[in-house]
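[1] here's a sequence, model it:
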Amino acid sequence: QVQLVESGGGLVQAGGSLRLSCAASGRPFSVYVAGWFRQAPGKEREFVAAINWYGKNTVYTDSVKGRFTISRDNAKNTVNLQMNSLKPEDTAVYYCAAGGDISSSDYSTYRYWGQGTQVTVSS
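    Residues are numbered from 1 along each chain as shown. The predicted structure is shown next:
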């Protein structure tokens, strides 16, 4: 089992930045693909970004390319999501996930999930 705990969410004005962090514990985290997903009210959970186990391969959904950056520190068992130039449409609960397939944006491929952290972007 891998336990994931997100932090760093909050309220920010459009154009601002937030940095989400996900701390992992349990089984060795470094062997897993890690990803971030988000879910807005009334919408399905959607893929945001993923990173492979050694951090050299990253994937982003089109709407966040150039604005968000995913990174990981396996020595600290953390994965981060730096979010810049935030827009109101980025408002959602953001979830950290691990154990998925970096070639797929399907959330059902991920085995482990955090509890989520709220990000609200005001216009």
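
[2] in this protein, which residue is most central in space?
    In the chain, the residue lying closest to the centroid (C-alpha atoms, centre = their mean) is Trp36, at 2.2 Å.

[3] which strands border the lengthiest strand in the chain, and is each parallel or antiparallel?
    In the chain, taking DSSP state E as the definition, the longest strand is strand 18-26. In the sheet, strand 18-26 lines up against strand 2-7 (antiparallel), strand 78-83 (antiparallel) (DSSP bridges).

[4] distance between it and the chain's centre?
    Relative to its chain's centre, strand 18-26 lies at 9 Å (C-alpha atoms, centre = their mean, to the nearest Å).

[5] residues contacting the residue lying farthest from the centre of the chain?
    Distance from the centre of the chain peaks at Ser123, with 22.4 Å (C-alpha atoms, centre = their mean). Ser123 makes contact with Ala14, Pro88, according to C-beta atoms under 8 Å, 6 or more residues apart in numbering. Using the backbone N, CA and C atoms, a C-beta is placed for each residue, glycine as well.

[6] sorry, back to before: how close does the residue nearest to the centre of the chain get to Asn77?
    Distance of Trp36 to Asn77, given as C-beta to C-beta, to the nearest Å: 16 Å.

[7] which residues of this protein fall in strands?
    Using DSSP E, strands in the chain cover 2-7, 10-13, 18-26, 34-39, 46-51, 58-60, 68-73, 78-83, 92-98, 112-113, 117-122.

[8] among these, which is nearest Ser104?
    Closest to Ser104 of those, according to C-beta to C-beta: strand 46-51, at 8.5 Å.

[9] neighbouring strands of that closest one in the sheet, and parallel or not?
    When DSSP bridges is applied, strand 46-51 pairs with strand 34-39 (antiparallel), strand 58-60 (antiparallel).

[10] can you list these in CSV and add distance to Glu6?
    What follows is the strands paired with strand 46-51, written out as CSV (distance: least, C-beta to C-beta, whole Å):
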stretch, distance to Glu6
strand 34-39, 9
strand 58-60, 18
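
[11] for the longest strand of the chain, list every residue counted as buried.
    Judged by neighbour count (16 or more other C-beta atoms under 10 Å), strand 18-26 contains these buried residues: Leu18, Leu20, Ser21, Cys22, Ala23, Ala24.
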